[in-house]
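In: generate coordinates for the sequence data below:
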Amino acid sequence: MKATWNGAVIAQSDDTVLVEGNHYFPEKSLDRQFVSFSNHKTSCPWKGQASYYSLIVNGSLNPDAVWYYPEPKAEADAIRGRVAFWKGVKVEA
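Out: Numbers count the residues shown, from 1 in each chain. You can find the predicted model right below:
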């Protein structure tokens, strides 16, 4: 699977976990040159508290486009150490 945005490959891996229609990539597959800080957080009743990263590619900002669960609840442990994408980030095989 490959995640792309604004002409750049953000992450690529053969090892993703599919949860609720989202592919969770290993965090180590994330190309850090495109990643920026975000202090945004949300909560999921069964996965726990999500944290976010923003993306900066070719001078364009995509705020909070990457999310992850630093300490997922036990039932969501399969996504520990993984990231997922939204906000226009294309994920495809």
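In: just the pLDDT at the closest residue to residue 75 other than its chain neighbours, thanks.
Out: Leaving out its chain neighbours, the residue that sits closest to residue 75 by Cβ to Cβ, 6 or more residues apart in numbering is residue 46, at 5.7 Å. For glycine as for every other residue, the C-beta is placed from the backbone atoms N, C-alpha and C. Note for residue 46: predicted pLDDT of 97.
In: the one 5 residues further on now?
Out: Taken from the predicted model, the pLDDT recorded for residue 51 is 98.
In: sec struct for it, please.
Out: Following DSSP: H, G, I helix; E, B strand; the rest coil, the label given to residue 51 is strand.
In: ok, residue 29 touching residue 9?
Out: No. Here residue 29 does not reach residue 9: they are 9.8 Å apart, not a contact under Cβ atoms under 8 Å.
In: neighbour-wise, which of those two wins?
Out: Legend: neighbour count by other Cβ atoms under 10 Å for residue 29 and residue 9, higher for residue 29 (19 against 13).
In: and the more buried one, what does it touch?
Out: 11-13 (Cβ atoms under 8 Å, 6 or more residues apart in numbering).
In: please apply the same query to residue 24.
Out: Listed by Cβ under 8 Å, 6+ apart, the contact set of residue 24 reads 16-18, 78-79, 82-84.
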